[in-house]
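>>> structure of the sequence below:
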Amino acid sequence: MNAASDGAAAPVAQRGAGGFGLVLRGGLVLVALLLLVDTGRWLAMAWSALHYAYDLDYGEGIVWQQMRNIVAGTGYGPLGTYPAIVYHYPPVYHLATAGIAGLFGLDQLIAGRLVSLLSTAASMALIALLIRSAIPRSETRLARAAAAAIGALSLPAFPAIVTWSMVMRVDMLGCALTLAGLALSVRAITRPALVPAAALAFVLAIYTKQTNIAAPLAALIGLWFVRPKSAFVLLGCCAALGLSALAVLVVASDGGFLRHILLYNINRLDLSQWRWLVGALLLQALLLAIAAVAMVHAWRRLTDAHAETLRARVTQDDSCAALLMLMLFAAVNAALLPLTLKSGASDNYLIIWSCGIAIFVGLGALPIVRAAERGVAPPSPLLLALLVLAPLLATYIPSARDIDPSEKQRLAAVVARIAASPRPVISDDMVLLIRAGRPVEYEPAIAAELAHGNLYDETGFVRMVRRGDFGFFLTRGDRGSGLYDARYNRRVADAIDAAYPRKEMVGNLVVHLPAR
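Numbering: from 1, shown residues only. The predicted model follows:
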């Protein structure tokens, strides 16, 4: 009786599983289409950015000017009353952009954006490689490829990635180099000869943006766990390359490099930033949920009861060793999130964090892909729903500044006005200054920040403002707005009001003009 019942139940279960497989395949096709829509949307915005000659972000103009000064050999110079330029980052991105612009004859701003876009594409490819490395070889080639593609294509669903991938900023190149170092470290588990190449990538990443330390730390800990000798080689190579580069930069800048990177580039703690951080993470909530499920499964796999110890597990299976390194990468990224709790921090601090989440989104998709391929019931219907909803939601989240074609004409008129001014102009939109043939000689935000820390004396600059040494000021917003008050301390704002009382609006810019 029982045997007959079991025999009858088996075909029913198989038919049910087959039905599930059909649903899963349809769901995965929908996921793929939505991810491609997000990627197409990102590429369309990127194309517009490459054909827009003005700023898309406050920092583009100052990074452009830093690049020009570094190439001219005057970078990391002394901080004066005026000019007052701070160099926030080491020079790898600046030199790469200058090289691309010179090699292909490109506009320097557009070359900088192109470097960021290509770095984003490289980051997507590296994420796919990292996902594949952590999937057991027992999985089919199709399943590994599909999971890797889902993880890589999820990157344009992160608002921070879309925003920073198309501006002249250091972040995306640093991200690509970081992921390259991590990918090489994973490969070094079975090919130790790649350790020096991983070290080179990590050092280049840190000399692009000095906070890019999550991947090197994860690689060191992971290799120490699996191959202690390789970990020591990685540490030694990083130290040798990093200290050699530091010595060259310190000597070339007469010590200015360290002053700018360590002394001038320190922001105040701002605990109110937690509201912004929570909001930014909420925009990633669905992707975070998928990644969290994947991390739980990853930890269970690493602590499988069949292995005597975690070390035994990762030394017996190189995909487990890769998974451990990726788990460490995510953990270090999480530990670094408090770096956002400082004045001036933005969602660029979530770029490498987002890449870590994208890796686990791909790994989280693997059970669904496996179930669809084999025609069995899904491990969790909720997981499939999250995979569909995450890229769908991303299409409704604004993640980059819209480009208004009519703005180009207005800004061209402002550029002509700056060029015609007999005196220097101070502008929040520093790209306009360079377009007008003027150097950027004062960055409002960092000057205000350094004045708060008693590292910059505003007295001399205030005196220049009251004396009318400048043609006019261009600001985003006016007194009482958050941006204005963060960039112009009270003494400077009082001086601007006194010496430049007339105001005009040009788009979102306020023109502060002297009295007639």
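>>> quick check: next helix or strand after the worst-scoring helix or strand of the chain on mean pLDDT?
Least confident element among the helices and strands of the chain, by mean pLDDT, DSSP states H and E: helix 2-49 (a mean of 72). Sequence order places helix 58-72 as the next helix or strand after helix 2-49, per DSSP states H and E.
>>> now the closest residue to residue 234 other than its chain neighbours: how far from residue 331?
Excluding the flanking residues, the one nearest residue 234 by CB to CB, 6 or more residues apart in numbering is residue 195, at 5.1 Å. Quick note: C-beta positions are derived from backbone N, CA and C, even for glycine. The gap separating residue 195 from residue 331 is 22 Å, by CB to CB, to the nearest Å.
>>> who's more crowded, those two?
It is residue 195, of residue 195 and residue 331, that has more neighbours when counted by other CB atoms under 10 Å, with 26 against 16.
>>> with just CA atoms, put whichever strand or helix holds the residue nearest to residue 234 into PDB.
Taking DSSP H and E as the criterion, residue 195 maps to helix 195-206. What follows is helix 195-206 as a C-alpha-only set of coordinates in PDB (Å, rounded to 0.1, in the frame of the first residue of the first chain):
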ATOM      1  CA  VAL A 195      50.900  37.600  -5.700                       C
ATOM      2  CA  PRO A 196      53.300  40.400  -6.900                       C
ATOM      3  CA  ALA A 197      50.800  41.400  -9.600                       C
ATOM      4  CA  ALA A 198      48.000  41.600  -7.000                       C
ATOM      5  CA  ALA A 199      50.300  43.800  -4.800                       C
ATOM      6  CA  LEU A 200      50.900  46.100  -7.700                       C
ATOM      7  CA  ALA A 201      47.100  46.500  -8.400                       C
ATOM      8  CA  PHE A 202      46.500  47.200  -4.700                       C
ATOM      9  CA  VAL A 203      49.200  49.800  -4.500                       C
ATOM     10  CA  LEU A 204      47.900  51.500  -7.600                       C
ATOM     11  CA  ALA A 205      44.400  51.500  -6.100                       C
ATOM     12  CA  ILE A 206      45.600  53.100  -2.900                       C
END
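>>> tell me which other helices or strands it touches.
Counting by 3 or more CB pairs under 8 Å, 6 or more residues apart in numbering; DSSP states H and E, the packing neighbours recorded for helix 195-206 are helix 171-187, helix 214-226, helix 228-252.
>>> and that helix, how far from the chain's centre?
18 Å (CA atoms, centre = their mean, to the nearest Å).
>>> which residues touch it?
Outside helix 195-206, the residues that touch it by CB atoms under 8 Å, 6 or more residues apart in numbering are 90, 92, 174-175, 177-178, 180-182, 184-185, 188, 212-213, 215-216, 219, 223, 230, 233-234, 237-238, 241-242, 245.
>>> now the angle between helix 171-187 and it, please.
Computed by axes from the mean of the first three to the mean of the last three CA atoms, to 10 degrees, the angle separating helix 195-206 from helix 171-187 equals 160 degrees.
>>> buried ones in helix 195-206?
195-206 (16 or more other CB atoms under 10 Å).
>>> swap in stretch 425-445?
Neighbour-count burial for stretch 425-445 flags 425-436, 438, 440-445 (criterion: 16+ other CB under 10 Å).
>>> is it true that residue 339 touches residue 345?
Yes. Here residue 339 reaches residue 345: they are 7.1 Å apart, a contact under CB atoms under 8 Å.
>>> looking at these two, which one has more neighbours?
For residue 339 versus residue 345, the count of surrounding residues by other CB under 10 Å is larger for residue 345: 16 against 12.
>>> so that one, which of the three states?
coil (DSSP: H, G, I helix; E, B strand; the rest coil).
>>> how many neighbours does residue 108 have?
18.
>>> shouldn't residue 164 be in contact with residue 348?
Yes. In this structure, residue 164 is within contact of residue 348 by CB under 8 Å, at 5.2 Å.
>>> what's the distance between the residue most central in space within the chain and residue 111?
By CA atoms, centre = their mean, the chain has its centre lying nearest to residue 351, at 3.0 Å. Residue 351 sits 20 Å away from residue 111, going by CB to CB.
>>> also residue 415?
Applying CB to CB to residue 415 and residue 111 gives a distance of 19 Å.
>>> quick one, helices of the stretch 351-500 of the chain?
Under the criterion DSSP state H, counting those that start in this stretch, helices of the stretch 351-500 of the chain are mapped to 351-374, 381-394, 405-420, 430-435, 444-452, 459-467, 482-487, 490-499.
>>> break the protein into its domains for me.
Under the assignment automatic domain parsing, the domains of the chain span 18-394, 405-513.
>>> so of the helices and strands packed on helix 195-206, which one's packed in deepest?
Highest mean neighbour count among the helices and strands packed on helix 195-206 (mean count of other CB atoms under 10 Å): helix 171-187, with a mean of 27.
>>> okay, the angle between it and helix 58-72?
Using the same axes, to 10 degrees: helix 171-187 against helix 58-72 is 80 degrees.
>>> helix 171-187 packs against which elements?
For helix 171-187, the packing partners by 3+ CB pairs under 8 Å, 6+ apart are helix 92-104, helix 108-133, helix 195-206, helix 214-226, helix 318-335, helix 351-374.
>>> in a markdown table: those helices, plus distance to residue 140.
Output for these, formatted as a markdown table (distance: least, CB to CB, whole Å):
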| stretch | distance to residue 140 |
| --- | --- |
| helix 92-104 | 39 |
| helix 108-133 | 12 |
| helix 195-206 | 29 |
| helix 214-226 | 26 |
| helix 318-335 | 14 |
| helix 351-374 | 6 |
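>>> closest to residue 22 out of the ones you listed?
Residue 22 sits nearest to helix 351-374 of all the helices and strands packed on helix 171-187, at 8.7 Å, using CB to CB.
>>> can you give me the buried ones in that closest one?
For helix 351-374, the neighbour count (16+ other CB under 10 Å) marks 351-373 as buried.
>>> relative orientation of it and helix 381-394 in degrees?
Orientation of helix 351-374 against helix 381-394 (the same axes, to 10 degrees) gives an angle of 130 degrees.
>>> so residue 169: helix, strand or coil?
What three-state DSSP gives for residue 169 is coil.
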